[in-house]
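Engineer: structure for the following, please:
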Amino acid sequence: MVYKTYTYLIATPIFIVVSAICGSITALAGLLGDRRYVAHYVPQFWSWFTCSIYLLPVSVVGREYLDPKQTYVFMPNHQGYFDIFLVYAYLGHKFKWMMKDYLRNIPFIGYACYKSGHVYIGESISSIANAVAASRNLLENGMSMCIFPEGTRTHDGKIAEFKRGAFMLASQLERPIVPITINGSYEVFSRDATMVNHHPLELIIHKPIPYEDFKGKKSKELIKEVYDIINGSLKLDNQNLKEQ
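Structural biologist: Coordinates of the predicted model:
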């Protein structure tokens, strides 16, 4: 009860104000042509601040596997709203998101993401083609991509079936795939939750899979390999799920 009162009266109002400020700064940086530095570090601070203001313990495993000079296609499971904050704040690598087109409509944040070079993807064939082309351009110019292979947030905490798009992109551009397991985000704020819950967050960065290791491999085999890696470290707090 104390935590819920804190989130309503203190954390959430502060979060809204800070989101508006960070979104405005990021959008302005994008308008001025910066899509790599301010457009990365301000959202990174915003994400760290969000996890902190909600008093969420965070642990990170495997960051040492990443080479700052290498571009990757990051593939995390998609548990809930706090996936974005967790990856942005604690991955420790510059990247752009591929995100659903409807997220453009989020006040301040949607426009800021657009101006800072993140890739929006819709349902139409032309929108998908444009998103793939934009992602290819980013990867070819030294920027990593982060894509949720499930395409949407889980309904039950378990990992849903992966879509092929992210894997095809990694194969076409010969980029390493980095599987990422997110734990705790579903318990903190799932797609059906109405408020933030207090629960530890964990980001597990698995060893990159070099292109040479999946070159020529069938899509189904590669998808299963990445799925099994991510799912192998998945943890669900059943008691916490019952309380939501």
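Engineer: in the helix or strand that contains Ala89, what counts as buried?
Structural biologist: Remark: Ala89 resides in helix 82-90, with elements defined by DSSP states H and E. Using 16 or more other Cβ atoms under 10 Å as the test for burial, helix 82-90 gives Phe82, Asp83, Ile84, Phe85, Leu86, Val87, Tyr88, Ala89, Tyr90. Any C-beta I mention is one placed from the backbone N, CA and C, and that applies to glycine too.
Engineer: where's the residue nearest to the second one when sequence neighbours are not counted relative to Lys220, distance?
Structural biologist: Leaving aside its chain neighbours, Asp83 sits nearest to Ser185 (5.0 Å; criterion: Cβ to Cβ, 6 or more residues apart in numbering). As defined by Cβ to Cβ, to the nearest Å, Ser185 lies at a distance of 27 Å from Lys220.
Engineer: repeat for Arg104
Structural biologist: 33 Å.
Engineer: how about Ala29?
Structural biologist: For Ala29 relative to Lys220 (Cβ to Cβ), the value is 41 Å.
Engineer: and for Phe148?
Structural biologist: 19 Å.
Engineer: same question for Gly142.
Structural biologist: 31 Å.
Engineer: cool, Lys235 as well?
Structural biologist: In this view, Lys235 and Lys220 are 26 Å apart by Cβ to Cβ.
Engineer: and Trp46, its phi and psi?
Structural biologist: When quoted as degrees, to the nearest 10, the phi and psi of Trp46 stand at phi -60, psi -40.
Engineer: show me the contacts for the residue nearest to it when sequence neighbours are not counted.
Structural biologist: Spatial nearest neighbour of Trp46, excluding adjacent residues (Cβ to Cβ, 6+ apart): Cys22 at 3.9 Å. Neighbour list for Cys22: Val42, Pro43, Phe45, Trp46, Ala112 [criterion: Cβ atoms under 8 Å, 6 or more residues apart in numbering].
Engineer: the stretch of helix or strand the third one belongs to to helix 82-90, inter-axis angle?
Structural biologist: In other words, Phe45. Element membership for Phe45, per DSSP H and E: helix 38-53. If you take axes from the mean of the first three to the mean of the last three Cα atoms, to 10 degrees, helix 38-53 sits at 110 degrees to helix 82-90.
Engineer: now the residue nearest the centre of the chain: how far from Leu201?
Structural biologist: Taking Cα atoms, centre = their mean, the centroid of the chain lies closest to Ile84, which sits 4.2 Å from it. Using Cβ to Cβ, Ile84 is found at 12 Å from Leu201.
Engineer: the strands in this protein, which residues?
Structural biologist: 58-61, 73-76, 95-100, 119-121, 144-146, 177-183, 201-205 (DSSP state E).
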